[in-house]
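1. model this:
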Amino acid sequence: MLPLIDSHCHIVFREFDDDLELVAERWRNAGVQALLHACVEPAEIPGIKALADQFPELRYSVGVHPLNPQHWRPNSIDVLREAATTDKRVVAIGELGLDLFRATNLLEQLEILTAQLNLAEELKLPVIIHCRDAAAAMLELLQHRRIQGHQLTGVMHCWGGTPAEMEAFLEFGLHISFSGTVTFPKAHETHQCARQVPANRYLVETDCPFLAPVPRRGKRNEPAMVRHVAERVAELRGETLEQVCIQTSANAALLFSLPYQAFV
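-> Residues are numbered from 1 along each chain as shown. Predicted coordinates:
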């Protein structure tokens, strides 16, 4: 069985309340060795931690999503710091970032984002970046932080930007993660990004329960479906599925300290 890592999922969501054990059976049968569960607001942390207790292959992040500013409190950084420093299964900060597709509160989002980037740097953890219709603002912030001497590692999650934007984020040291959108027929720029991203700098993910890949588009997504993402990326890159599975699993395991048994 070829190894796979789903580098971004949300199985704590209510969509999985009724059949999570079956979902887990399917991801294991599909060869998924590890999952990185992204957090979108602090109230999720106990539930995600319980999932990590239930599924030993799961690691998780802690953070506040840019579309959830109502969950940001004066003590939120302290809450995130405590969660990250008391459980070694916390391997990243996020899902953080900017979203100007559904919101216009850029200054508020930047304040919350900056605080979390500082925490990630303090704890020497990678970040999971959500960036939708906000590449220019994100790149400006990262350039400003670079000038100030800040360090950054992490991933641009659920990549849907242009090749030029991808190259800019790669130059900042970030990885690029492809979701089910890479299987969509009209996602031409994402297809081109998948073709040209360096082999050691990309991941695959589901972002489940969202963005189910072809041939399950429009249905609930789940970690086992990361195989469809890997298959499409392999096709786009002119590589074998084995190459993509091994490469992306190694990339994700290295970036996020995920459990992974190298394929022999």
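2. tally of neighbours for the nearest residue to N29 once chain neighbours are set aside?
-> With Cβ to Cβ, 6 or more residues apart in numbering as the criterion, N29 has its nearest non-adjacent residue at 7.2 Å, and that residue is A224. In this view, the C-beta of every residue, glycine as well, is placed from N, C-alpha and C. When counting by other Cβ atoms under 10 Å, one arrives at 21 neighbours for A224.
3. Also Q54?
-> Q54, neighbours per other Cβ under 10 Å, totals 11.
4. Dihedrals phi and psi, it?
-> Dihedral angles of Q54 (phi, psi; degrees, to the nearest 10) stand at phi -80, psi -40.
5. Also F178?
-> Dihedral angles of F178 (phi, psi; degrees, to the nearest 10) stand at phi -100, psi 130.
6. can you tell me how far it sits from R59?
-> 20 Å (Cβ to Cβ, to the nearest Å).
7. more crowded one of these two?
-> Between F178 and R59, F178 has the larger neighbour count (other Cβ under 10 Å), namely 31 against 23.
8. Was I right to think the more buried one contacts L203?
-> Yes - taking Cβ atoms under 8 Å as the definition, F178 is a contact partner of L203 at 7.3 Å.
9. C-alpha coordinates for stretch 103-110, CSV please?
-> Taking only C-alpha atoms (Å, rounded to 0.1, in the frame of the first residue of the first chain), the coordinates of stretch 103-110 have been written out as CSV:
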residue,chain,number,x,y,z
ALA,A,103,-14.6,39.6,4.5
THR,A,104,-13.2,43.1,4.3
ASN,A,105,-11.8,43.6,7.9
LEU,A,106,-8.1,43.5,6.7
LEU,A,107,-6.7,45.4,9.7
GLU,A,108,-8.4,43.2,12.2
GLN,A,109,-7.2,40.0,10.4
LEU,A,110,-3.7,41.3,10.2
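10. Identify the residues contacting that stretch?
-> Outside stretch 103-110, the residues that touch it by Cβ atoms under 8 Å, 6 or more residues apart in numbering are P66, L67, P69, G97, L98, D99, L100, A134, A137, L141.
11. In a strand, the last one, correct?
-> Read it as L141. No - counting by DSSP: H, G, I helix; E, B strand; the rest coil, L141 falls outside a strand, being helix.
12. Phi, psi for the residue nearest to it when sequence neighbours are not counted please.
-> Nearest non-adjacent residue to L141, counting by Cβ to Cβ, 6+ apart: L110, 6.5 Å away. Main-chain torsions, L110, degrees, to the nearest 10: phi -60, psi -40.
13. Same question for L258.
-> Here is the backbone geometry of L258 (degrees, to the nearest 10): phi -90, psi 150.
14. SS state for the closest residue to it other than its chain neighbours?
-> Excluding the flanking residues, the one nearest L258 by Cβ to Cβ, 6+ apart is A34, at 4.2 Å. Taken by three-state DSSP, the conformation at A34 corresponds to strand.
15. Show me what the helix or strand where V244 lies is packed against.
-> Here V244 sits within helix 241-256, counting by DSSP states H and E. The contact analysis (3 or more Cβ pairs under 8 Å, 6 or more residues apart in numbering; DSSP states H and E) places helix 241-256 against strand 4-9, strand 32-37, strand 202-204, helix 226-237.
16. Any idea how far that helix is from the middle of the chain?
-> Offset of helix 241-256 from its chain centre (Cα atoms, centre = their mean, to the nearest Å): 14 Å.
17. on that earlier part again, let me know whether the residue nearest to N29 touches L22 as I believe.
-> No - counting by Cβ under 8 Å, A224 sits too far from L22 to count as a contact (10.2 Å).
18. Which pLDDT value belongs to the residue nearest to L258?
-> We have a pLDDT of 97 for A34.
19. Touching stretch 131-148 from outside, list them.
-> Stretch 131-148 is contacted by residues 97-102, 106, 110, 113-114, 117, 129, 152, 156, 160-162, 165, 168-169, 172 when judged by Cβ under 8 Å, 6+ apart.
20. ok, back up a step: out of the contacts of stretch 103-110, which one sits closest to D6?
-> Nearest to D6 among these is G97, at 19.3 Å by Cβ to Cβ.
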